[in-house]
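>>> Okay, here's the prediction I keep looking at, along with the sequence it came from:
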Amino acid sequence: MPHPVLQHSMGTFKKLGRYMAKACAQWWRGGLKAVTDDTVAELRQRFGIHELSVRIQRMEQKLNPLVSTWAATNWIEHATLKTTPLVSVILPTYNRSGLLGRAVDSVCAQIYPRWEIIVVDDGSTDCTPAVVQQLRNKLGDDRLQTLRISHSGVCAARNRALARARGEFVVYLDDDNFMAPLWLKAVVWAFSQRPDVDVVYGGIIVDDLRRLNRRDSGDLPAYYLHPFDRDQLLQDNLADIGQIAHRRGLPEARFDETLREMGDWDLLLRLTREKAPLVIPALACFYSTQAPDRLSGGPTYDADAARVREKAR
């Protein structure tokens, strides 16, 4: 009788021989295609053809924006710009003295050199005026324009800043978010590549989607870049204000001051009514959901959404 170790080895070789015989038979019947077909058939049997298609589609939706953003970001970072026009960064703020500096610092960290920030203090009651003055002393008037208005809402504050903007292009930043270091260069590069385009938007990283939607918290940061679809935009917003950039002086580049929290959606709808925007596969900003008294999902959400959709129709 064979030794137990030898007996085990013989059993293993028999199994291996059966596997090789099956593999050879599959190759004989059609080579790699047969192996692939067997694998797909097994997956279909396990998940069902519909669910398998859905899973593949979800994987493509997640991977395609990431891959294209990686490629475009690497290209833009090393691209040489023929011109360096001024870019205006619109930054309204209200009672966020502890966060305003971080937002301004993210603009200062841009690899693109020619920018100005227009900070509008929307009647803050904390120490925001003192922080604004410190930032102005640090950066100077050429870099940082400041103005203070009576509390009128973020849309009114943005309109006041737009009236002061000197840049050829306009971008936006909220006081509790911060800008990706390559964004301003990506904007200038995109408009230089496509002089026929008036509006662009890029991707965004949200720190916690569950908290964004006011469903507790706990999600990991995730990247979002929605393709432009006018029909979809008529139903839901596709880009946060921090993702949007446009040429200065466009007739529709003004915010509806009756809206409390849907100004970016309304703006994008009007800016793209006649001409589609260019979607840039590049990261625009980091969206934070941790600040108190956030506007998103507030008490006016349903009323503002209904008004935006009605205006769009």
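Okay, I see it. Note that the structure is predicted; figures quoted are calculated from it, not measured. Numbers count the residues shown, from 1 in each chain.

>>> who's in contact with residue 198?
Contacts for residue 198 (CB atoms under 8 Å, 6 or more residues apart in numbering) come out as 246, 247, 250, 271, 275, 277. All C-beta atoms are positioned from the backbone trio N, CA, C, and that covers glycine.

>>> if you look at these, which of them are in strands?
246, 247 (DSSP state E).

>>> Confirm for me that residue 277 is in contact with residue 194.
No - contact criterion CB atoms under 8 Å: residue 277 and residue 194 do not qualify, at 10.1 Å.

>>> Settle it for me: which of the two has more neighbours?
Legend: neighbour count by other CB atoms under 10 Å for residue 277 and residue 194, higher for residue 277 (21 against 12).

>>> ok, now how distant is the more buried one from residue 115?
Residue 277 is 21 Å from residue 115, where distance means CB to CB, to the nearest Å.

>>> Who are the contact partners of the residue most central in space within the chain?
In the chain, the centroid-proximal residue (CA atoms, centre = their mean) is residue 204; its distance is 2.0 Å. By CB under 8 Å, 6+ apart, residue 204 lies in contact with 223, 224, 225, 239, 240, 242, 243, 283, 284, 285, 286, 287.

>>> next one: residue 224
Residues counted as contacts of residue 224 (CB under 8 Å, 6+ apart) are 65, 203, 204, 205, 206.

>>> next one: residue 181
Contacts for residue 181 (CB under 8 Å, 6+ apart) come out as 106, 109, 110, 111.

>>> is it true that residue 68 touches residue 279?
No - taking contacts as CB under 8 Å, residue 68 lies outside contact range of residue 279: 9.6 Å.

>>> So for these two, which residue has more residues nearby?
Between residue 68 and residue 279, residue 279 has the larger neighbour count (other CB under 10 Å), namely 20 against 16.

>>> Among the contacts of residue 198, name the buried ones.
246, 247, 271, 277 (16 or more other CB atoms under 10 Å).

>>> Now for residue 160: which residues touch it?
By CB under 8 Å, 6+ apart, the neighbours of residue 160 are 120, 147, 149.

>>> before we move on, what SS does the residue lying closest to the second one once chain neighbours are set aside have?
The shortest distance from residue 147 to any residue other than its chain neighbours is 5.6 Å, reached at residue 120 (CB to CB, 6 or more residues apart in numbering). At residue 120, secondary structure determined by DSSP: H, G, I helix; E, B strand; the rest coil is strand.

>>> Identify the bridge partners of residue 120.
Using DSSP bridges, the bridge partners assigned to residue 120 are residue 92, residue 147.

>>> mind checking pLDDT for it?
Model confidence at residue 120, given as pLDDT, is 98.

>>> does it really touch residue 100, like I thought?
No - at 11.3 Å, residue 120 does not count as touching residue 100 under the criterion of CB under 8 Å.

>>> intersection of neighbour lists for those two?
Taking CB under 8 Å, 6+ apart as the contact rule, residue 120 and residue 100 both touch 91, 93.

>>> how far away is residue 170 from residue 288?
22 Å.

>>> between these two, who's got more neighbours?
Comparing residue 170 with residue 288 by other CB under 10 Å, the one with more neighbours is residue 170, at 23 against 20.
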